[in-house]
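*Asks:* the sequence and its predicted three-dimensional model are supplied below.
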Amino acid sequence: MNKLFENFDKINKTNTSKSNKYKKLMYEYESLLEFVENDKKLDESDDEKRNEVLQLIKNNEFVDDPQGLYDSMKLNKHPKMLTFYPVSELAQMKVFKIPNYNIGYALKKRKNSDKFDEIVAVHNSEPDVRGIVDELIQSAVKNGGCYLDHFDGFLSDVYSRNGFIEYKREDYDPSYDTDSTFRNKYGESDVVYRVHKSCKK
């Protein structure tokens with residue numbers, strides 16, 4: 001996987017005005033990377049579950065279950081790498097959890113916005129369900145998601161192919177990676193902010 005990150009930007013500037021969201025994003029990054037990586041490992045034995053999940057996504061058959069979404073996030077193989085919104089915060093969002101599966105996402109309001117249009121908590125904690133990342137992201141757009149942010153690199157291809165356009169980026173900030181854990185594993189990468197083409201004015 002390290003080869004995927006060899007071309008990361010080698011920018012090393014400090015910007016102390018950035019919020020803790022930067023550090024939290026580091027944790028979300030690895031979780032979503034695993035999600036995307038698993039999509040490459042389809043196995044015929046997984047087809048039945050995968051097809052069921054894809055049908056549920058296609059039919060928009062989600063449940064609004066903040067506790068269930070939180071619990072499904074806890075089952076992720078890398079729980080420490082996932083930003084956990086408390087159940088009380090998830091309850092203030094629009095929650096989309098696939099019934100009977102530990103898969104889902106949420107839409108939250110951006111600062112100074114009255115719309116639930118920021119995509120967060122995208123995860124798949126089902127080891128036997130792969131190949132659904134595009135459909136899950138497209139579902140989030142269908143349900144009102146317009147904005148998201150992520151680290152530059154591998155995920156840029158995922159979001160680009162799903163219609164997300166970059167509108168801002170921030171340099172890698174070592175002040176939020178004081179032990180260099182993230183940099184040593186993934187390199188130094190910009191934070192990319194995107195808006196879906198259907199929402200762009």
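*Replies:* Nice, thanks for sending it over. Residues are numbered from 1 along each chain as shown.

*Asks:* quick one: the nearest residue to Ala91 once chain neighbours are set aside from Gln92, how far?
*Replies:* Once flanking residues are discounted, Ala91 sits nearest to Pro66: 4.5 Å by Cβ to Cβ, 6 or more residues apart in numbering. Just so you know, the C-beta spots here come from the backbone N, C-alpha and C atoms, and that holds for glycine as well. Using Cβ to Cβ, to the nearest Å, Pro66 is found at 9 Å from Gln92.

*Asks:* so between those two, which is more surrounded?
*Replies:* Higher neighbour count among Pro66 and Gln92: Pro66, with 19 against 14, using other Cβ atoms under 10 Å.

*Asks:* in contact with that one, which residues?
*Replies:* Val87, Leu90, Ala91, Met93, Val95 (Cβ atoms under 8 Å, 6 or more residues apart in numbering).

*Asks:* tell me which residues of stretch 119-128 are tucked away?
*Replies:* Ile119, Val120, Ala121, Val122, His123, Asn124, Ser125, Glu126 (16 or more other Cβ atoms under 10 Å).

*Asks:* got it, and stretch 176-193?
*Replies:* Tyr176, Asp177, Phe182, Arg183, Tyr186, Gly187, Glu188, Ser189, Asp190, Val191, Val192.

*Asks:* straight-line length of that stretch, end to end?
*Replies:* Terminal residues of stretch 176-193 are spaced 18 Å apart (Cα to Cα, to the nearest Å).

*Asks:* then stretch 74-85?
*Replies:* End to end - Cα to Cα - stretch 74-85 spans 11 Å.
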